[in-house]
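Q: need coordinates for the below:
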Amino acid sequence: MVSAPLPFAAGEQAVYKAGWGIFGSAGTGTMTLSIDTLRGDSTLHAVLAIRGGIPGLRIDERLESWMDPATLASRRFLQRTRYPRFSRDRLRDFFPLDRRWTGHTNQRSEVGDLETVRPLDEIGFLFVARAETLVVGEELVYQDFWKPDANPVRLKVLRREVVKVPAGTYNTIVVQPIIKAAGLFAEKGEAEVYISEGPAHELVMLRAKLSIGTLVLQLERYTPGVLREP
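A: Sure, this is the predicted structure:
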């Protein structure tokens, strides 16, 4: 269960230096959080965008989540992925009270069932991790991922680590999100997310194995949102 008030708020902006493998600076990443309205309800709108790579091996990834401000349940998830030899455009609209979702993948209409009233998506999972009380050595288990056969999703709390990134030096807690589905946090990706122990629990660094090499995001600039009760 996430804490209240949340450590982040609308207006938050983070800019990252992106690198792949031996290429230390080969792109940029941004993460923003704003207020939006979806189907008449106020939502937190999170956007993670990553662009870059090397000639012949470029990626352009944009993930968006519209979340309930209190529970961080996903109301809509949007994915636009452009990798070498692979592309995907995916939209999911979630209707938890009806236990169903609708959407499309690459212009193909789709519908499905939800097994939870609090569906989580890939980006929402990051914000859930930032909102949790993290204890090194523990593993948090969730049955709330929107895709039933990807459950349970897990969050391993690996260690504390002091890291130096372009934005400065941070005391962090390193967690490993594990989702049984393709994406940044796929099981074989061995992703590690470095979360600041400061009051905003900002995402300081991220490592994940992708098809073109290991992606590394390092925080360059961070602007906090205005904290308020959800």
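Q: mind checking the SS state of the most centrally placed residue in the chain?
A: By C-alpha atoms, centre = their mean, the mean C-alpha position of the chain lies nearest to Ile123, the distance being 2.7 Å. Classification of Ile123 by DSSP: H, G, I helix; E, B strand; the rest coil places it in helix.
Q: which strand or helix spans the closest residue to it other than its chain neighbours?
A: Taking C-beta to C-beta, 6 or more residues apart in numbering as the measure, Ile123 lies nearest to Ser65, with 4.0 Å between them; neighbours along the chain are not counted. (C-beta placed from N, C-alpha, C; glycine too.) For Ser65, the host element (DSSP states H and E) is strand 57-67.
Q: centre of the chain to that strand, how far?
A: For strand 57-67, the gap between its own C-alpha mean and the chain's C-alpha mean amounts to 10 Å (C-alpha atoms, centre = their mean, to the nearest Å).
Q: can you get me a residue count around Thr214?
A: Residue neighbour count, defined by other C-beta atoms under 10 Å, stands at 15 for Thr214.
Q: next, give phi and psi for it.
A: Listed backbone geometry of Thr214 is phi -80, psi 120, with angles given as degrees, to the nearest 10.
Q: isn't it right up against Leu184?
A: No: with contacts defined as C-beta atoms under 8 Å, Thr214 does not count as touching Leu184, sitting 11.7 Å away.
Q: quick check: neighbours shared by those two?
A: The contact sets of Thr214 and Leu184 overlap at Ala208 (C-beta atoms under 8 Å, 6 or more residues apart in numbering).
Q: Ile123 versus the closest residue to Glu64 other than its chain neighbours, what's the distance?
A: The shortest distance from Glu64 to any non-neighbouring residue, by C-beta to C-beta, 6+ apart, is to Leu78 (4.2 Å). Taken as C-beta to C-beta, to the nearest Å, the spacing of Leu78 relative to Ile123 amounts to 10 Å.
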